Structure formats: structure tokens, C-alpha cells
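J.: 3D, please:
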Amino acid sequence: MPGYVEDRWYTKRPDPKTGKKRKTARYGQGKRYRVAGIPGVRDRSFEKLTGPTGANAWLAKAQHESTKGEFIDPRRGEILLQDYIEHEWWPTKAYDDPATASTVRSRVWTHIIPHLGSLQINAIKTPQLKAWLAALKVSAGPGTVNEAWHYLAAILQSAVDDERLTKNYCRSQKSVRPPSRPPTKPRAWTKDRVLAVQQAMDPRFQIAVDLGVGAGLRAGEVFGLSVEDIDEENERILVRRQIKKVGSKLCYALPKGQKTREVPVPSYLLKRIAAHLAARPAQLVRLPWSNPAPGETERERELREPREYALILPGPWGGGMRRDAWDTRIWKPALSAAGVIPPPEVTKQAIPSRPGSFRTVTTYAESRENGFHALRHTFASVQLDAREPIVAVSNWLGHENASITLRIYAHMMPEADGRGRSAMQAWFEGSS
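T.: Prediction:
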């Protein structure tokens, strides 16, 4: 097999006069033994010749793996995790949805790089993972920790694929695992709660509650709904876009899953929409499509060209409604006023640029189960209780397939009422 071990402190040939090897100019300097001569493998130096960490062991391992095409030089794993993420992993990510890219980047730069970024990637093993998970659990919930773990696992697997690592410790051992995502069971609201929250809102925004509970729209779909999407003749709403935030900017985009849909709605909801528009006419809002960043190619610039729609629920100061502003200024205050969540905590914070001045900060309790999505759950509950087919409800909600709807809302489906038993009785009686 190709490859050899060179002793760099002594000459290869002995002195003709003494018969002993002579010291080289490198004698006593640096590591003594060098493994060289293996095709495709960089030379490597060692202090010892024998032993598990010596030159001979390395030579045998490198020769064996090289002949099988499996050799990975451990020195390629000496790159810092932060450098690998920033210069090799992240530049290869090409997310179709810029909002998804923004979310992933935020999670990685917030929960992974500050804790592990200064480590070499080949040093991220079980002890380091345990310490990282322990630190994350102090500041983040189980769902966030679980998500961060899977991002790190993907990054390290990419390093394995790039032949910088031989092993991904996130996937190769079971002694340390992230916390499971907390199980969630969507719960429908009562009619009284829906009305209480709606009535606690400024009348300008109450139509959002009608659209959420009456058509199962997501918040972004409510904000992107235009007058042209209301089909009064056929009593339906066409869900064709949403407003989403990418970075700090807004844009129009297709609904979640890139799926448009039609939702049958009752005449009551159509009357509520008409009354809202009579009091507050729709406003034309112009936003980029899909991505607010300037396109790099002619094709991208064409696809992202701004579009204009007459929105039923624009932002309070014109333009599109921002989800964060909706949550903090409209939705959570209404939840608090209706008694769904506790009153906010009000504190004073100093303004650094204005000594002696303070700003009032209002902080509401986190309550994911009482987000705008609760209205969507209520819509699903009513439909399923009315025994609408699961496939139809799935289509109205815009799910990818009915199995997703079933997994989320199975607990809301009506209990068996004996119709199956009666059917079997009739079958047996008919066969006698």
C-alpha cells in the first residue's frame, strides 16, 4: 500500500563510517514522525511512532480508508462552527420563502452561534451538546430548543456531507436528546368568548374576528383579503394571498403552502363584510410580491414587481397590517379586556438619549393557545361538529392534505353515535 512514516530527526541512511543514522538539522524541533505518500491525503506529523495516537496507527487507518474511498482528514473539522455556518453552510441555503429563510437565520444566529460558534466543529460532541441544551433550557421553551437542535443537526450533517466530519453527534448517539415538542391540542372558543374579544376591539378591526371564525382565515390572509376576493353571488371567499413580513418589510405572497382556496361562507358573514366596507371603504395598498428585496435577475425583478389591491383591513395608518403591531396593539389588549389573559405589566424604562426621561412599556403575557389561530380552530370545530367531510374541511383550511387536518382536529370530531352499529345490524338482518 502507498504511504510511509518518515523520521525527520534522523537521516534515512546510516553514516558509512559509524554505521549509525545521523541527526538532521530538524533534530529536537517539532514533531518527529511524518506520515506521507498516501494519494489524496495530506501529510501529517506525530510525536510518537507507536500507540493508538502514533504515526503507525494513523498510517494504517489512512491507508485502509483511502483504498475504500472513505478517508476524511480530521484537520478539515478544525474550522470554527461560526465560520462554517457563515461561509459554507448558510450560503448554500436557497429557501423559496424569504420569510422562512429569515426565521431559520434568526434561530441559528440566536440559539446556536452564541453558544457553540467558537468551537471547532469536530469538537462538538456529547459533552458540548449536553452543556448547550442545559444553557438553552434556561432561556427558551421546549419547542424552541427542539427546533434549534434540529437546525444544528442539519448543519453538522452538512459538514459530514462536505467531508469535514466523520460523525454527527446529534444523530449518532442517544444519551443526549432535545426536549420533545410540547403536545398541543387546539381548542375552540365559545361563542361568548369570541364576541367578548371582538367587542373589546376598536370597531375598525372587528371584521378580522368575523373572517377568522367565519371562514377559517389565518391572520396574514385576513390582512391580504381584498374586495375582489368576496364572491357574494356564490357565497364564498377566495383566499388568494396573504401579507407577510420579511425582515422589517411587508409583501404580498400566496397563502401558506403556496395554495389558494375557496371557502363557502354564510350570508351573515357577507353582510358583516358589506357593513364594514360601508363604514370603512377598502384602501388600495401597493406592496412587492413574494419578496421585498430587489431581484438580482430580470426574472426575479419581474416576479417581485409590486401589486396593488383594495384591502378590506389595511393597517391603522395606511399600508398593510403588520402582524406584530396587530398582536401587541389590537389582539392582546382585546384578550386582556375580555379576561382571556391577565392585565398587562406596565413598567417605566429610562430613555438613554434623554437623561431623566422614561417611556412606558406595556407587556402582555405570552398565550400561544389564545392567538388569532384560536378563531381558525373554532371554525374547524363548528364544521366538524356539523359532520362536514374531513376532506372538505381540509380544503377550506388550506391544509396540504386531509391527514394533517385529522391529526390536528381529530379530538374535535363528534363521537360515534351508534349509526355504524345500526348499519351493521341492518346488514346482518338483510343477509338472513
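
J.: now do the biggest helix by length in the chain, average pLDDT.
T.: The helix that spans the most residues within the chain, counting by DSSP state H, is helix 142-161. Here helix 142-161 scores 89 as its mean pLDDT.

J.: just the buried residues of that helix, please?
T.: 144-149, 151-156, 158-160 (16 or more other CB atoms under 10 Å). Where you see a C-beta, it was placed from the backbone N, CA and C, and this is true even at glycine.

J.: flag the shaky bits of the stretch 301-432 of the chain, pLDDT-wise.
T.: In the predicted model, the stretch 301-432 of the chain carries pLDDT under 70 at residues 413-425, 427-428, 430-432.

J.: quick check: buried residues in the host helix or strand of Val138?
T.: Val138 belongs to helix 126-139 when assigned by DSSP states H and E. Neighbour-count burial for helix 126-139 flags 128-129, 132-133, 136 (criterion: 16+ other CB under 10 Å).

J.: show me what the helix or strand following the longest helix of the chain is packed against.
T.: Note on helix 142-161: by DSSP H and E, the next helix or strand toward the C-terminus is helix 169-172. On a contact count with 3 or more CB pairs under 8 Å, 6 or more residues apart in numbering; DSSP states H and E, helix 169-172 meets helix 126-139, helix 142-161.

J.: between the ones you listed, which gets nearest to Thr360?
T.: For the helices and strands packed on helix 169-172, the distance to Thr360 is smallest for helix 126-139, at 25.6 Å, taking CB to CB.

J.: using CSV, list the CA coordinates for the closest one.
T.: Extracted as CSV, the C-alpha positions of helix 126-139 are listed here (Å, rounded to 0.1, in the frame of the first residue of the first chain):
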residue,chain,number,x,y,z
THR,A,126,-21.8,14.7,23.6
PRO,A,127,-20.5,16.8,26.5
GLN,A,128,-20.7,20.0,24.4
LEU,A,129,-24.3,19.1,23.3
LYS,A,130,-25.4,18.5,26.9
ALA,A,131,-24.0,21.8,28.1
TRP,A,132,-25.6,23.6,25.1
LEU,A,133,-29.0,22.1,25.8
ALA,A,134,-28.8,23.0,29.5
ALA,A,135,-28.0,26.6,28.7
LEU,A,136,-30.8,26.9,26.1
LYS,A,137,-33.4,25.4,28.5
VAL,A,138,-32.8,28.4,30.8
SER,A,139,-33.9,31.0,28.2
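
J.: now that helix against helix 142-161, angle please.
T.: Interaxial angle, helix 126-139 versus helix 142-161 (axes from the mean of the first three to the mean of the last three CA atoms, to 10 degrees): 150 degrees.

J.: what packs against helix 126-139?
T.: Helix 126-139 sits against helix 113-116, helix 142-161, helix 169-172, with contacts defined as 3+ CB pairs under 8 Å, 6+ apart.

J.: give me that answer again for 10 Å
T.: Under the contact criterion of 3 or more CB pairs under 10 Å, 6 or more residues apart in numbering; DSSP states H and E, helix 126-139 touches helix 98-111, helix 113-116, helix 142-161, helix 169-172.

J.: what's the closest of those to Gly3?
T.: Evaluated over these, closeness to Gly3 peaks at helix 142-161, with 24.6 Å, by CB to CB.

J.: how far does the closest one sit from its chain's centre?
T.: Taking CA atoms, centre = their mean, to the nearest Å, the mean C-alpha location of helix 142-161 is offset from the chain mean by 11 Å.

J.: ok, now stretch 43-54?
T.: That offset, for stretch 43-54, works out to 45 Å (CA atoms, centre = their mean).

J.: cool, stretch 93-111 as well?
T.: Relative to the chain's own centre, stretch 93-111 is displaced by 7 Å; criterion: CA atoms, centre = their mean.

J.: residue contacts, Pro281?
T.: The contact partners of Pro281, by CB atoms under 10 Å, 6 or more residues apart in numbering, come to 227, 310, 312.

J.: in ChimeraX, select just the buried ones from those.
T.: Those of the contacts of Pro281 that count as buried under 16+ other CB under 10 Å are selected in ChimeraX with:
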select :310,312
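
J.: okay, now the domains of the protein?
T.: Following the assignment in automatic domain parsing, the chain carries domains at 4-71, 77-172, 192-323.

J.: looking at the ones you listed, spot the one closest to Pro355.
T.: Pro355 sits nearest to domain 192-323 of all the domains of the chain, at 28.8 Å, using CB to CB.

J.: now the helices and strands packed on helix 169-172 as TSV including distance to Arg204?
T.: TSV is the format used below for the helices and strands packed on helix 169-172 (distance: least, CB to CB, whole Å):
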stretch	distance to Arg204
helix 126-139	37
helix 142-161	33
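
J.: quick one: which of those is nearest Ile243?
T.: Of all the helices and strands packed on helix 169-172, helix 142-161 sits nearest to Ile243, with 24.3 Å by CB to CB.

J.: quick one on the thing from earlier: tell me which two of the buried residues of helix 142-161 sit farthest apart.
T.: Longest distance between any two of the buried residues of helix 142-161 is 24.9 Å, between Thr144 and Val160; criterion CB to CB.

J.: list the buried ones in stretch 334-346?
T.: By 16+ other CB under 10 Å, the buried positions in stretch 334-346 come out as 334-336, 338, 340-341.

J.: return the subset of the residues you listed lying in helices.
T.: Applying DSSP H to the buried residues of stretch 334-346, the entries found in helices are 334-336.

J.: including distance to Arg236, could these go into JSON lines?
T.: Formatted as JSON lines, these follow (distance: CB to CB, whole Å):
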{"residue": "Ala334", "distance to Arg236": "28"}
{"residue": "Leu335", "distance to Arg236": "30"}
{"residue": "Ser336", "distance to Arg236": "34"}
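
J.: of those, which is the nearest to Arg34?
T.: For those, the nearest to Arg34 is Leu335 (69.6 Å; CB to CB).

J.: what sits against the nearest residue to that closest one once chain neighbours are set aside?
T.: In space, and not counting its chain neighbours, Leu335 is closest to Ile341: 4.7 Å by CB to CB, 6 or more residues apart in numbering. Each residue near Ile341 by CB under 10 Å, 6+ apart is listed here: 332-335, 364-367, 370.

J.: give me the phi and psi for Ile341.
T.: With angles defined as degrees, to the nearest 10, Ile341 sits at phi -130, psi 160.
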